[in-house]
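Visitor: here is a sequence with its predicted model. Questions after.
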Amino acid sequence: LSQILSRHQLVKMFRSLVLALALVASASAFAPVTTKAPSKVVMQNAFKSEIGAQAPLGCWDPLGMLTYADQERFDRLRYVEIKHGRIAMLAVLGQVVTKMGIRLPGDIDYSGTHFSDIGTGWSALGQFSPMGTYQMVAFVGFLELFVMKEDAYGGPGSAFVGDFRNGAIDFGWDKLSPEAQTKKRAIELNNGRAAQMGILGLMVHEQLGVSLWPGGI
């Protein structure tokens, strides 16, 4: 009788052990999996061959915006960088043109304000009617929403981030070799970076009362 009881207890203990192991296995199956995040060096190396990661700085990311970033995040940052660079280049060119005395003919409003009466830089603000400001904001908004976007007209798609041709404008781009296209994209990116620093310097110095233009602005 004692042997039968011992065998019965052993079977019961074995069943309890199997049940406990099954519960542990089930719990571990639904437990969140902890994965080691890739290091900052690994993520930077993933983008070191991208256009713009050029000597002498290479993949320079002082603010850590690419830390643990994926390709989608990188493309978004590159898209914004290219757009801001193009705007900054237009801003610097606008200051250069107006400082050269090149102005549109005629009046800017019905009150008789000439285009040549409008100043350069910060001084231009407030020299035309509020309706003129509304028109500029509306025009920029129209470009942002309907024109200056990738594949806006349902064309063949963007060849790269920042490709705003929209299947309508080419200017001979498709006839260039891949090497020439890469070189021109790198030149545009670097010129845009320089223009962003340039227009920022012009705006800040103008507010400080120390114009960088000969003879003041």
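Guide: That came through fine. Numbering: from 1, shown residues only.

Visitor: is Gly162 located within a helix, as I assumed?
Guide: No - the assignment for Gly162, made by DSSP: H, G, I helix; E, B strand; the rest coil, is coil rather than a helix.

Visitor: roughly how far does it sit from Pro214?
Guide: Between Gly162 and Pro214 the computed distance is 34 Å (C-beta to C-beta, to the nearest Å). C-beta coordinates here come from the backbone N, C-alpha and C atoms, glycine included.

Visitor: same question, Ala53
Guide: 36 Å.

Visitor: so between these two, which is more surrounded?
Guide: Ala53 (15 against 7; other C-beta atoms under 10 Å).

Visitor: residue contacts, that one?
Guide: Neighbouring residues of Ala53 by C-beta atoms under 8 Å, 6 or more residues apart in numbering: Phe47, Cys59, Trp60.

Visitor: quick check: buried residues in the helix or strand harbouring Glu188?
Guide: Using DSSP states H and E, Glu188 sits in helix 178-208. Neighbour counts using 16 or more other C-beta atoms under 10 Å place Gln181, Arg185, Glu188, Leu189, Asn191, Gly192, Ala195, Gln196, Gly198, Ile199, Leu202, Glu206 of helix 178-208 among the buried residues.

Visitor: name the nearest of these relative to Gly94.
Guide: Ile199 (9.2 Å; C-beta to C-beta).

Visitor: would you list the buried residues of helix 178-208 in CSV and tack on pLDDT and distance to Val97?
Guide: CSV is the format used below for those (pLDDT from 0 to 100; distance: C-beta to C-beta, whole Å):
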residue, pLDDT, distance to Val97
Gln181, 90, 29
Arg185, 91, 25
Glu188, 92, 20
Leu189, 92, 23
Asn191, 94, 17
Gly192, 94, 18
Ala195, 96, 14
Gln196, 95, 19
Gly198, 94, 15
Ile199, 94, 14
Leu202, 90, 14
Glu206, 87, 17
